[in-house]
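**Student:** Next input, structure requested:
(chains A and B)
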Amino acid sequence: DTGVSQDPRHKITKRGQNVTFRCDPISEHNRLYWYRQTLGQGPEFLTYFQNEAQLEKSRLLSDRFSAERPKGSFSTLEIQRTEQGDSAMYLCASSFPQGLYGYTFGSGTRLTVV
Amino acid sequence: KNEVEQSPQNLTAQEGEFITINCSYSVGISALHWLQQHPGGGIVSLFMLSSGKKKHGRLIATINIQEKHSSLHITASHPRDSAVYICAVRETSGSRLTFGEGTQLTVNP
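**Tutor:** Purely as a prediction, here's the structure:
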């Protein structure tokens, strides 16, 4: 297992288009988290899953955002009708329950909306 | 006021200097994490603390639960230590992390 993988690493899209990002966590980890990080800021929580169940969503996650983890393994984060304010780094992390033994982060997907 | 605050926001040091980055938080926590982020975005976990002190190589992390404060120290700093250092806490009530804004460290040769 090579850690948490995110795809793509970079995405440039036109305003109004839909985008989808993928995260493959460490296989033994049943918790998966999505965070968003804008330039010069710390990451902000978006949502997290335990297995396939989405347990918590931030108010930052507007109705244009949806996340899934259909089989409790990889997860997707979709943004519909992208806006320039969506430009950010989208980070995925995984862990055992309650963050036991810590969290492992992916390298992120950098989204630029033009 | 953010739940997790770091100081300083930016820090420039000369190679070999002893560096301290501070983190204060306002919520009850079950663990505090120090993370390192290099340009390009990847985040590496340095320490997870719930009490006391941990050391790994030239890095030392301490936490005072009563004062809700943690420090990250780097001894004999080196230009390769240049990165953003982020403090994050896991609240007692949840599983997710709440992050500070990070400290940009630049170590000059």
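
**Student:** From the rest of the structure, what touches stretch B:30-41?
**Tutor:** Stretch B:30-41 is contacted from outside by A:37, A:89, A:91, A:98-99, A:102-103, A:105, A:107-108, A:110, B:23, B:25, B:43-50, B:61, B:63, B:70, B:72, B:83-92, B:97, B:102, using Cβ atoms under 8 Å, 6 or more residues apart in numbering or on different chains. (Glycine included, C-beta is placed from N, CA and C.)

**Student:** Please identify the helix or strand for the most centrally placed residue in chain A.
**Tutor:** In chain A, the residue lying closest to the centroid (Cα atoms, centre = their mean) is A:Trp34, at 3.4 Å. Under the criterion of DSSP states H and E, A:Trp34 resides in strand A:31-37.

**Student:** ok, that strand: who's next to it in the sheet?
**Tutor:** Strand A:31-37 pairs in its sheet with strand A:44-50 (antiparallel), strand A:88-95 (antiparallel), by DSSP bridges.

**Student:** Now residue 55. Nearest residue, chain neighbours left out?
**Tutor:** Answering for chain A, as no chain was given. A:Tyr48 (5.9 Å; Cβ to Cβ, 6 or more residues apart in numbering or on different chains).

**Student:** actually chain B
**Tutor:** B:Ala61 (7.9 Å).

**Student:** who's in contact with the one you found?
**Tutor:** B:34, B:46-47, B:49, B:53-55, B:70-73.

**Student:** Just those residues: which are in strands?
**Tutor:** With strands taken from DSSP state E, the overlap with the contacts of B:Ala61 comprises B:34, B:46-47, B:49, B:53-55, B:70-73.

**Student:** on that earlier part again, now what about the strand holding A:Trp34, what contacts it?
**Tutor:** A:23, A:25, A:43-50, A:60, A:67, A:69, A:75, A:77, A:88-97, A:99, A:103, A:108, B:41, B:95-97, B:99.

**Student:** and these, which are buried?
**Tutor:** A:23, A:25, A:43, A:45-49, A:67, A:69, A:75, A:77, A:88-95, A:99, A:103, A:108, B:41, B:95-97, B:99 (16 or more other Cβ atoms under 10 Å in any protein chain shown).

**Student:** who in chain A is up against chain B?
**Tutor:** A:31, A:33, A:35, A:37, A:40-45, A:48, A:50, A:55-56, A:89, A:91, A:93, A:95, A:97-99, A:101-108, A:110 (Cβ under 8 Å from any Cβ of the partner chain).

**Student:** Now do stretch B:58-65, average pLDDT.
**Tutor:** The predicted model assigns stretch B:58-65 a mean pLDDT of 97.

**Student:** send the alpha carbons of that stretch over as PDB?
**Tutor:** What follows is stretch B:58-65 as a C-alpha-only set of coordinates in PDB (Å, rounded to 0.1, in the frame of the first residue of the first chain):
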ATOM      1  CA  ARG B  58      15.800  17.300  15.500                       C
ATOM      2  CA  LEU B  59      12.100  17.800  16.100                       C
ATOM      3  CA  ILE B  60      10.500  18.100  19.500                       C
ATOM      4  CA  ALA B  61       6.800  18.600  20.300                       C
ATOM      5  CA  THR B  62       5.300  19.500  23.600                       C
ATOM      6  CA  ILE B  63       1.800  19.900  24.900                       C
ATOM      7  CA  ASN B  64       0.300  21.500  28.000                       C
ATOM      8  CA  ILE B  65      -3.300  20.300  28.200                       C
END
